[in-house]
Each structure stands twice: as C-alpha cells, then as structure tokens.
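# Structure of the sequence below:
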Amino acid sequence: MEFNLLATDSHSNARAATLSTDHGLIETPIFMPVGTAATVKGIQQRELKNDINTDIILGNTYHLYLRPGTSIIEKAGGLHRFMSWERPILTDSGGYQVYSLSANRKIKEEGVKFKSHIDGSFHFFTPERAIQIQRSIGGDIVMAFDECTPYPCDYNYAKSSMERTHRWLDRCIKTDKKLPQLYDYKQTLFPIVQGSVYNDLRKASAHFIADKNALGNAIGGLSVGEPCEEMYSMTDEVCLILPKNKPRYLMGVGTPINLLENIALGVDMFDCVLPTRNARNGMLFTASGTINIKNKKWENDFSSIDPEGYCFADLDYSKAYLRHLFSVNEMLGKQIASLHNLSFYIWLVRESRKHILDGSFRNWKEKMVRQMKGRL
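Modelled structure (predicted):
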C-alpha cells in the first residue's frame, strides 16, 4: 500500500491524496459504505461501482465470522470473489461489536468472550484470532483488535482500556507478521488510537500508535455519544501527532457535517452506517439540509429528489413517488433512498477533494455546513 499526499489546504489541515492497493486506487478524502455482511444493504455491487462510484467498501469481521464463516469465504477465494467486488475492501476487527455487545461479553487481558446475537453461542476473540479471521476474509486493509470505550467513561477505565488496546496491538502486529498471506495480494494493518475524550490519553495513544510506523493509522472510540465538539477536539489532537505521510481513518463517523469538519482537521477516510440506516427510515441527506420523505408535505411534490444534480446515481424519481413507496412499505423506496444517500456522501467527499486541490476548501466547507444544518 502506498500513500501519496497531493495537496494540503492552506487554511486548514484538509488533505487530498491517493492510496494505492493491490485492488485499485483510492482517492482521498473517501467515505466507505458499510458492507456489514458482505453486502451494503439494499445496494448491488454494480450500483456501488457504476452509480455511486465508490473506491472502497467496508466489511464487518464479527458478522462475517458468524455468517457465512471464514471457511466458506476461504473456499470462495476471499471476500472480493465471494461478493463479486474487485475494488478495495477494509475490514474492521470486531472491536466495535465488542463495545456494542456490552451486555453479552466479558473482557480479559487475553481477549473477549462474547455471546452471538444470532443463536446465543459463545465465542472468544483474541488479538491473534481477530487477525487470523481478517486474513481469511481477505480485506486489503485490516484493523488491529481494540476496545472501544463508551461515553461517558471514567478516566481510570479509559486509561486501562487504552493501555490494553496498546498491548493487544503488539500482539496483532506479531501475528500479522507471522501469518502467511492466503491470497495473491497483500494486506495492510492499521493500528487504532483510543483514549476516550481525555486529551492526555489521546495524545499518549497517538504517540504510541505513531511509533509503530504502520502504513496507515485509525482513530477509534469517537462518535459513541459524545458532543461533536469533543469529537472534533480529540480528532484535532490526534491528527497533529499522527504522521502526515500516512492515511488517517476516523472510524464510524458520521453525519455529512461531521465529515466536512473532520476533513478540515486532517482525516482522510471515513465509514458509517448512517446514510443507509437513515435512508431505510426515510431520511435523505441533501446539500440544502435533511428531508424526511415520509412527511405529508412531499405528497404532491413532483420535483426531483436530487434537484441540484449532485448525486452520481441516476435517480430520476420525484419526492412524491418516493414518499408513495415508503407509504406502501415498498422495498424499492428504501433502495432508492439508500442509493441517494450514499451517492450524496461520495459526492461530498469528492467535492471536498476538488476544493482542497484548487485551494477553495475552507470557504466552500463553511457554506456547506451552514446549508446542511437545515431541515427541509
């Protein structure tokens, strides 16, 4: 994997770069649609490629481990072949699922014992096992096993959790170096910065991660309920420490405004379930604010759901038609809304890149943030 920094905005820390992998080139800033179980919900792979035009998607280690299981993915030749997706894939480590399964897991130094949300069976993830599973899945970028702390979080717990994450990272790196590659391409391991919303912990973790000299680095444990101002403050602290010549990935973030504010702080990569999850509930993101397409006000609105023409997807449907699909619970409505939202997110990061390259990012970003705060 190679990272080539092309430009930095003169009025912020926003960056435009390219990230090359064995499955293709990624232009940053980039948003990665979440393909939890080898699928971005409701979206076909040809739509991801041709309509939404995303460079990379994310796969979920926890869910893929449970179903279909690593043996089936290995027999298929890796996740790319299993799901017929030839572009890059990033896999998380399962650490966030450990956080979300707080009522059904027990954390020890060795690893985490958890109960499956599917059938109640017990499983045990260690740093070594998380890397082994991701080797079987075959993502181009794989994540170190970490513990994502909740918000709010006691300082002493956040500190002990961060230190455990660091010890787990050393085990992940050792395992990653030892395990042979299963497929005809290389995988790249990203460590994860933790430390909750405590400045000294975030700085200490960022220094620890930076010293590992990985080819890329991630920031975890944010967008878990903390105010946006705290998210931005922690991201800013970390980005000032993480190497400038390596990609920075902010995990699980976020709203369109979150993306723009964190791009300005120096983040290159994002993922979040928000655009597709909110789409399935009738919320559309636009450059002029959010739309609840279920509202009666759209019943007789025959204007396009994309009047500004910023979406890559060819969505020549009216608001009235989309509202009708939701009112009759037609699955096509959720699919169209998901296509719209993902296309908008990709448009947003592509436009960010364009404005970083031509030197107009800050003014454009401030205008977009003001516009997107509204509800239509």
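
# Tell me where the stretch 201-350 of the chain is predicted with low confidence.
312 (pLDDT under 70).

# any idea which helix is longest in the protein?
Secondary structure assigned by DSSP state H gives helix 331-358 as the longest helix of the chain.

# just how off-centre is it within its chain?
14 Å (Cα atoms, centre = their mean, to the nearest Å).

# Okay, buried residues for it please.
Buried residues in helix 331-358, counted by 16 or more other Cβ atoms under 10 Å: 333-353, 355-356. In this view, the C-beta of every residue, glycine as well, is placed from N, C-alpha and C.

# Could you give me the buried positions within stretch 112-119?
Buried, per 16+ other Cβ under 10 Å, within stretch 112-119: 112, 114.

# what element comes up after the longest helix of the chain heading to the C-terminus?
The first helix or strand that comes after helix 331-358 along the chain, using DSSP states H and E, is helix 361-372.

# so where do the helices sit in the chain?
45-46, 61-66, 70-76, 79-82, 95-100, 127-137, 155-178, 199-210, 228-239, 256-265, 274-280, 319-327, 331-358, 361-372.

# Tabulate those helices (CSV), appending distance to residue 248.
Shown next, in CSV, are the helices of the chain (distance: least, Cβ to Cβ, whole Å):
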stretch, distance to residue 248
helix 45-46, 27
helix 61-66, 21
helix 70-76, 28
helix 79-82, 24
helix 95-100, 18
helix 127-137, 20
helix 155-178, 16
helix 199-210, 10
helix 228-239, 6
helix 256-265, 9
helix 274-280, 20
helix 319-327, 36
helix 331-358, 14
helix 361-372, 16
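
# so which of these comes closest to residue 219?
Of all the helices of the chain, it is helix 228-239 that lies closest to residue 219, at 5.3 Å by Cβ to Cβ.

# now the closest one: how far from the chain's centre is it?
Worked out by Cα atoms, centre = their mean, helix 228-239 lies 17 Å from the chain centre.

# That one versus helix 256-265: what angle between them?
30 degrees (axes from the mean of the first three to the mean of the last three Cα atoms, to 10 degrees).

# Could you pull up the residues touching the nearest residue to residue 230 once chain neighbours are set aside?
Distance criterion Cβ to Cβ, 6 or more residues apart in numbering; nearest residue to residue 230, sequence neighbours excluded, is residue 197 at 4.7 Å. If you count contacts by Cβ atoms under 8 Å, 6 or more residues apart in numbering, residue 197 has them with 151, 153, 226, 230, 233-234.

# try residue 92
With Cβ under 8 Å, 6+ apart, residue 92 has these contacts: 58-62, 143, 251.

# In strands, which of the residues you listed fall?
Judged by DSSP state E, the contacts of residue 92 include 58-59, 143 as members of strands.

# how about the strands of the stretch 1-150 of the chain, start to end?
2-8, 15-21, 24-28, 30-32, 34-35, 57-59, 89-91, 105-107, 112-115, 122-125, 141-143 (DSSP state E, counting those that start in this stretch).

# For residue 42, which of those strands is the nearest?
Once those are compared by Cβ to Cβ, strand 34-35 is nearest, at 11.3 Å.

# Quick one: neighbours of residue 376, just the number.
By other Cβ atoms under 10 Å, 14 other residues sit near residue 376.

# Measure how the longest helix of the chain sits relative to helix 361-372, angle-wise.
150 degrees.

# May I ask you to confirm that residue 287 is in contact with residue 370?
No - with contact defined as Cβ atoms under 8 Å, residue 287 does not count as touching residue 370 (10.9 Å).
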